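**Q** quick one, what's the 3D model for this:
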Amino acid sequence: MSINIKVKMLWTIAITLSLVVPVSVIGVIRLGTDDTGQGWFGDDVGLIVCSNGKSYEATNANLQIAVDLGENITVTVPKTEIDITNDIAITKSNVTLISNGAILKASGALTYSIISIRSCSDVTIKGFVLDGNKYAGGDSGGITIFGIGGSDPERLLITRNTIMNTNTSGIFCYEMNNSEISFNKLYGIGNVSNTVSGSSGIQLNDENTGCFNNTIMFNDLRHIQNHGIKIYAPGLVKTYENCSMNLNNKVLYNYVEDTKLGEPAYPALNGVGIELMASYCTVIGNTVIMNAYMDGGIMIDSSHNIISQNTIIKESTSGSDSAIVVVSPSWGRNLTDNNTISDNTIRNCGSAGITLSGTRDNRITGNKIYGSYYSMYIVAQYNDTVHNIISGNSFSGGRITVYQVDASLYGINNNSFTGNDVSLLTYSTKIEYLGDTKSGFLFNNTFRDNNGYLAFMIPTTNVSTCNVPGRMWYDVSTHKLYICETIAGEWTESTFT
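**A** Take a look at the predicted model:
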C-alpha cells in the first residue's frame with residue numbers, strides 16, 4: 001500500500017511541476033524504473049529521457065541530439081512512433097539506447113539505415129521496432145554497423161528488436177567484433193519490387209580484416225529476400241588464405257523460415273538459410289524451413305566449420321536445392337576443407353540432403369536424412385572431392401550419388417563410406433557412381449559395413465538392366481560384385497577389390 005501512495009504522490013508532483021517548469025527540469029525528477037530496469041517516467045509523459053537528466057520531445061532530430069550527448073549515457077525512448085528521415089547515427093562509445101515500445105519508421109531516403117553505429121564500441125540497442133516502411137526512394141535497412149579508419153566497433157549488443165519491411169538488409173555489419181546479436185525478430189527484409197538480390201536478414205560482411213568473435217543467437221528470421229544469415233570472408237578478392245582466417249563466429253539456435261520474399265514472379269531472388277564464407281565458425285541448433293526457391297538450407301564455402309544438431313525441413317520435395325552444401329566456389333581452388341557436419345536432421349529436401357562439391361577432408365557423421373531424392377550428392381566440380389569421411393549416418397529414402405562433371409580435370413577419390421544405414425522407403429536406395437572409372441577419376445574410395453546396396457553406374461542410372469558394358473553393382477547383403485560385360489547381356493559375378 002505504501003508503494004502505491006508514493007507513486008500517486010510522485011504523479012502529483014510531476015503534473016504540478018509540468019505546469020511551471022521547463023521540460024528539461026522535469027527530466028531530473030525521473031525517480032523510478034520498471035521491472036526490466038528501464039526508465040518509465042519518459043514513457044509516461046512521451047519524452048526521450050537521458051540518464052544525465054535531460055529530456056526531449058520524441059522526434060528524429062531530438063533522438064540524434066540525445067545519442068550525441070556523450071559517452072556513458074543511457075537514452076530511453078517512449079512508446080510512440082517516430083518518423084525517421086535521417087539515420088540515427090551513434091558515433092560515441094558506451095551508449096545504451098533502450099525502447100519502451102518505440103517504433104522508428106523510415107519516411108525518407110536514409111544514408112545507411114534507420115540506426116547506424118559508426119566506429120564506436122560498448123553500444124546497446126534494445127527493444128525497438130524498426131520499420132523500413134518499404135521506402136522506395138532510398139535505403140531503408142534496420143541497423144548498419146561499420147568502422148572508419150580501422151576503428152572496428154566491439155562489444156555491441158543488438159537484442160530484442162523487431163526489424164521489418166526494409167528495402168535492404170535487416171542488420172548489416174561491415175566491421176564488428178566480440179559482439180552479440182540476439183533475440184531479434186526480422187521479417188519482410190528486401191524489396192520485391194525490383195530484381196536486385198543481396199538483402200540478408202543478418203550479414204557480417206567485413207571486406208578488410210573480417211568480423212570475428214561474434215555470436216548470432218536466438219533470432220527469428222522470416223520472409224527474407226536473399227540470405228537469412230550470412231557471414232562473409234574478408235577481402236575484396238577471395239583467396240584460400242583469407243577464406244581460411246580464424247574468425248570464430250557462432251550461429252546458435254536461430255529460426256530461419258522461407259528466405260525467399262514474394263511470389264513466383266521473382267524466381268531469380270534465390271537465397272540460403274545460413275551461409276558461411278568465413279572459416280572457423282560454429283553453427284549449432286538452428287532450424288531452417290526451406291521453400292522451393294532456395295539455393296540451400298546451410299551453405300559452406302569455407303573451412304574448419306562445425307555444423308551440428310541443426311534441423312532443416314523442406315515443405316515439399318520439389319526444387320533442386322540441397323539442405324547442406326559444402327562447395328568449392330568457382331572463383332577459387334581448394335577453398336573448403338576440414339568441415340564437420342554432424343548430428344543434423346534433414347527432411348524432405350527436393351534435391352540432396354548433403355552435397356559435397358570440390359571439397360576435401362570433411363567429416364560427415366551421425367546425420368539423419370529422411371525423404372530426400374538424394375541422401376548425398378558427391379560431385380567433382382571446380383576442385384577434386386577427396387579424403388572425406390562419411391560414416392554413421394542414417395539415409396532413409398534417398399540414394400547416394402557420386403558424380404563427375406569433368407573427368408579430365410577433377411576426381412573423386414580416397415573417400416571413406418563406412419557404417420552408414422542406407423535404408424529403403426519408397427524405392428531401391430543405392431550408392432551410385434556416374435562417370436568413367438577407367439580414367440582414374442574414381443579410385444581408392446572405401447565402402448565398408450553399409451546397409452543397403454551399392455550401384456556403380458557407368459554412365460546411366462538404371463541398375464536393373466545390363467545394357468552398358470562396364471556397369472557394376474555391389475550387393476551388400478551377399479557381398480558380391482556384378483558386372484555387365486556386353487550390351488543386352490547378363491550380369492556376371494566378379495570380384496570386388
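**Q** part of a helix, is residue 65?
**A** Yes: the assignment for residue 65 (DSSP: H, G, I helix; E, B strand; the rest coil) places it in a helix.
**Q** what strand or helix carries the nearest residue to residue 277 once chain neighbours are set aside?
**A** What sits nearest to residue 277 in space, not counting adjacent residues and going by Cβ to Cβ, 6 or more residues apart in numbering, is residue 233, at 4.5 Å. Yep, even glycine has a C-beta here, placed from its N, CA and C like the rest. Secondary structure from DSSP states H and E places residue 233 outside every helix and strand.
**Q** burial count for residue 233?
**A** 26 (other Cβ atoms under 10 Å).
**Q** so where is the stretch 251-400 of the chain shaky, pLDDT-wise?
**A** 258-270, 292-294, 315-320, 329-335, 381-382, 397-399 (pLDDT under 70).
**Q** please name the nearest non-neighbouring residue to residue 225.
**A** The nearest residue in space to residue 225 (Cβ to Cβ, 6+ apart) is residue 190, at 2.2 Å.
**Q** the one you found contacts residue 222, correct?
**A** No: if you go by Cβ atoms under 8 Å, residue 190 and residue 222 don't touch, sitting 11.9 Å apart.
**Q** who has more neighbours, those two?
**A** Taking other Cβ under 10 Å, residue 190 and residue 222 do not tie; residue 190 has more neighbours (32 against 19).
**Q** how much space between the more buried one and residue 289?
**A** Using Cβ to Cβ, to the nearest Å, residue 190 is found at 17 Å from residue 289.
**Q** quick check: the residue nearest to residue 225 vs residue 118, distance?
**A** Counting by Cβ to Cβ - residue 190 and residue 118 are separated by 24 Å.
**Q** now do residue 233
**A** 23 Å.
**Q** ok, now residue 52?
**A** Residue 52 is 22 Å from residue 118, by Cβ to Cβ.
**Q** what about the two, which has more around it?
**A** residue 118 (19 against 14).
**Q** how about the more buried one, nearest residue that isn't a chain neighbour?
**A** residue 91 (5.0 Å).
**Q** contact partners for residue 147?
**A** 118-119, 153, 174-175 (Cβ atoms under 8 Å, 6 or more residues apart in numbering).
**Q** again but with residue 359, I slipped
**A** Residue 359 touches 326-328, 336-337, 339, 383, 385, 388, counting by Cβ under 8 Å, 6+ apart.
**Q** quick check: which ranges of the stretch 1-150 of the chain have low pLDDT?
**A** 1-45, 135-139.
**Q** show me where it has its helices.
**A** In the stretch 1-150 of the chain, the helices defined using DSSP state H, counting those that start in this stretch lie at 2-18, 23-26, 41-45, 60-67.
**Q** what packs against the last one?
**A** Just to be clear, that refers to helix 60-67. Packing partners of helix 60-67 (3 or more Cβ pairs under 8 Å, 6 or more residues apart in numbering; DSSP states H and E): strand 47-50, strand 55-57, strand 73-77, strand 81-84, strand 88-90.
**Q** list the buried residues in the second one.
**A** By that I understand strand 55-57. 55-56 (16 or more other Cβ atoms under 10 Å).
**Q** and the fourth one, by the same measure?
**A** Neighbour-count burial for strand 81-84 flags 82, 84 (criterion: 16+ other Cβ under 10 Å).
**Q** for that strand, packing partners?
**A** Going by 3+ Cβ pairs under 8 Å, 6+ apart, strand 81-84 lies up against helix 60-67, strand 103-106.
**Q** recalculate using a threshold of 10 Å.
**A** Under the contact definition 3 or more Cβ pairs under 10 Å, 6 or more residues apart in numbering; DSSP states H and E, strand 81-84 sits against helix 60-67, strand 103-106, strand 113-118, strand 129-131.
**Q** how many other residues sit next to residue 149?
**A** Neighbours of residue 149 (other Cβ under 10 Å): 5.
**Q** quick check: closest non-adjacent residue to it.
**A** Among residues not flanking residue 149 along the chain, residue 119 sits closest, at 7.1 Å (Cβ to Cβ, 6+ apart).
**Q** ok, now which ones touch that neighbour?
**A** Residue 119 is in contact with 90-93, 145-153, 175, counting by Cβ atoms under 10 Å, 6 or more residues apart in numbering.
**Q** make CSV from those residues and add distance to residue 373 to it.
**A** Listed next are the contacts of residue 119 as CSV, based on distance: Cβ to Cβ, whole Å:
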residue, distance to residue 373
90, 49
91, 52
92, 55
93, 52
145, 40
146, 42
147, 45
148, 49
149, 51
150, 49
151, 50
152, 44
153, 44
175, 41
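**Q** narrow these to those in strands?
**A** 90, 145-146 (DSSP state E).
**Q** which of these has the most neighbours?
**A** Busiest of those [other Cβ under 10 Å] is residue 145, holding 31 neighbours.
**Q** correct me, but that one touches residue 157?
**A** No: counting by Cβ atoms under 10 Å, residue 145 stays clear of residue 157, with 11.7 Å between them.
**Q** what do these two both touch?
**A** With Cβ under 10 Å, 6+ apart, residue 145 and residue 157 have common neighbours 123, 125, 179, 181.
**Q** just to revisit the earlier point, from the contacts of residue 359, which land in helices?
**A** Assigned to helices by DSSP state H, none of these qualify.
**Q** quick check: the farthest pair among those residues?
**A** The most widely separated members of these, counting by Cβ to Cβ, are 339 and 383 (13.9 Å).
**Q** pick out whichever of these two has more residues nearby.
**A** Neighbour totals were compared for residue 339 and residue 383, and residue 339 leads with 26 against 23 (other Cβ under 10 Å).
**Q** my guess is that one meets residue 363, correct?
**A** Yes: using Cβ under 10 Å, residue 339 makes contact with residue 363 at a distance of 7.6 Å.
**Q** common neighbours of these two, please.
**A** 306, 388.
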